[in-house]
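Engineer: no sequence for this one, just the structure:
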């Protein structure tokens, strides 16, 4: 037995990618998800009713974007048929979040295209003649290159909005947003997350952040911590957080370093909703982070350095508070701490409306169903730095109103 563990350690050291593949492939929970779907759809023919949307995912990026795409397409109980037959080899390539696709009840795996497709929608990322040669009500070509120039596009296109974290949907928290939106505030300005400078200052984001004038996460956190002085409270344990959440309309800035105290995923949206504003420093490879979308979903207003990365762009003092550098960040943070309740509530209503109109799964599905052209292109934001690092002002990701197809 000791020899087995010695060999496992040697493999982990000499071939880390092989080791990670073997570890993830044999993950009991994820493997059970796959086998359960295989038995249900392939062997027993379960849930073979016709879907409304059929998808061909021959080039699917094996990460969370795959789960999020299918989760959004099934919003409201709409059935989606996956025409690509995912094998165990696909399963081995998928990360844990991609494997969560097998938990989606309204997705039909190993589906067969119906005889009549003129009233169905086809979404595909590769031209497969046995499907694309048919006549569909709408054909949507899936493209992963969000850095592509808007001027180079032929026809009409649309970018899938950035989302909350996959676990916020998988846990069902997204179904309780109305409840979170009416909670009383306990924090005026809030941030919780990873503050490790080594993670957020790296060659993968340096050129992109420099190109758009975006402050790194460590710079944002440091500026707030020093600039607000006694108005900053660092929460370091659960008891302290519970006492804080019992307070009424605390006019303070609360920072939580995940390395010191990690808020449970199941509690995250509930805690997030107790803040009036959320500090939105950028992520590892790009400005956008799931926590910014999560804040907007529960009606917490973003304090942000990259409003143009949202489509449509966020508007200062309507759907966000904008800063450009460290000096302005401190000025805007102090302004937030002094804001009156009436103005805050007005901005909260506007940010909730923005989320429902542009970021919610139902708004995405509504736009897909209402696309006015027979053939469209849908750009999927995969977070892969292969594409993100090349984003520029004229990229489709930063498309302005009028670039997307009319609905």
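Structural biologist: That came through fine. Just so it is clear, the structure is predicted and the values come from calculations on it, not from any experiment. Numbering: from 1, shown residues only.

Engineer: and the residue nearest the centre of the chain, what does it touch?
Structural biologist: When CA atoms, centre = their mean is applied to the chain, the residue found nearest the centroid is residue 163 (2.9 Å). Counting by CB atoms under 8 Å, 6 or more residues apart in numbering, residue 163 makes contact with 68, 72, 169, 290, 293, 359. Using the backbone N, CA and C atoms, a C-beta is placed for each residue, glycine as well.

Engineer: that one should be in a strand, yeah?
Structural biologist: No: using DSSP: H, G, I helix; E, B strand; the rest coil, the assignment for residue 163 is coil, not a strand.

Engineer: next one: phi and psi at it?
Structural biologist: Dihedral pair for residue 163: phi -130, psi 170, per degrees, to the nearest 10.

Engineer: quickly note the distance from it to residue 92.
Structural biologist: To residue 92, residue 163 is 25 Å away according to CB to CB, to the nearest Å.

Engineer: before we move on, what about residue 235?
Structural biologist: Residue 235 is 40 Å from residue 92, where distance means CB to CB.

Engineer: between those two, tell me which one has more neighbours.
Structural biologist: Legend: neighbour count by other CB atoms under 10 Å for residue 235 and residue 92, higher for residue 235 (22 against 16).

Engineer: just checking, the more buried one touches residue 242?
Structural biologist: No: counting by CB atoms under 8 Å, residue 242 is not a contact partner of residue 235; they are 9.9 Å apart.

Engineer: which residues do those two both contact?
Structural biologist: Taking CB under 8 Å, 6+ apart as the contact rule, residue 235 and residue 242 touch no residue in common.

Engineer: show me what the strand or helix carrying residue 378 is packed up against.
Structural biologist: If you go by DSSP states H and E, residue 378 is part of strand 375-379. Using 3 or more CB pairs under 8 Å, 6 or more residues apart in numbering; DSSP states H and E, the elements in contact with strand 375-379 are strand 138-143, strand 156-159.

Engineer: now the longest one against strand 375-379, angle please.
Structural biologist: Taking axes from the mean of the first three to the mean of the last three CA atoms, to 10 degrees, strand 138-143 and strand 375-379 form an angle of 30 degrees between their directions.

Engineer: strand partners of strand 138-143, parallel vs antiparallel please.
Structural biologist: The pairing partners recorded for strand 138-143 under DSSP bridges are strand 121-124 (parallel), strand 375-379 (parallel).

Engineer: pLDDT below threshold where in the protein?
Structural biologist: 1-27, 29, 32, 42-49, 249, 400-407 (pLDDT under 70).

Engineer: try it again with 50
Structural biologist: Residues of the chain meeting the criterion pLDDT under 50: 1-9, 11-22, 401-407.

Engineer: could you chop it up by domain?
Structural biologist: Listed domain ranges for the chain are 2-143, 170-359 (source: automatic domain parsing).

Engineer: how long is the last one end to end?
Structural biologist: If I follow you right, that is domain 170-359. Domain 170-359 has its terminal residues 17 Å apart, counting by CA to CA, to the nearest Å.

Engineer: can you tell which of the helices and strands packed on strand 375-379 is closest to residue 317?
Structural biologist: Judged by CB to CB, the one of those that comes nearest to residue 317 is strand 156-159, at 25.3 Å.

Engineer: gap between that closest one and the chain center?
Structural biologist: In this view, strand 156-159 has its centroid 18 Å away from the chain centroid, taken as CA atoms, centre = their mean, to the nearest Å.

Engineer: if we can go back for a sec, tell me the first helix or strand C-terminal of the strand holding residue 378.
Structural biologist: Past strand 375-379, the next helix or strand by DSSP H and E is helix 385-388.

Engineer: elements contacting that next one?
Structural biologist: So helix 385-388, by 3+ CB pairs under 8 Å, 6+ apart, packs with helix 203-212.

Engineer: by contact count, what packs against the helix it packs on?
Structural biologist: In terms of contacts (3+ CB pairs under 8 Å, 6+ apart), helix 203-212 is packed against helix 385-388.

Engineer: give me the element the nearest residue to residue 98 once chain neighbours are set aside is part of.
Structural biologist: Nearest non-adjacent residue to residue 98, counting by CB to CB, 6 or more residues apart in numbering: residue 66, 4.5 Å away. When elements are assigned from DSSP H and E, residue 66 belongs to helix 64-73.

Engineer: quick check: which of the strands paired with strand 138-143 is buried the most?
Structural biologist: Among the strands paired with strand 138-143, ranked by average contacts under mean count of other CB atoms under 10 Å, first place goes to strand 121-124 (a mean of 22).

Engineer: and it, how far from the chain's centre?
Structural biologist: Using CA atoms, centre = their mean, the mean C-alpha position of strand 121-124 is found 22 Å from that of the whole chain.

Engineer: what does stretch 174-182 give?
Structural biologist: 18 Å.

Engineer: gap between the two ends of it?
Structural biologist: From its first residue to its last, stretch 174-182 covers 15 Å (CA to CA).

Engineer: equivalent analysis for stretch 277-292, please.
Structural biologist: 10 Å.

Engineer: many thanks, I have nothing further to ask.
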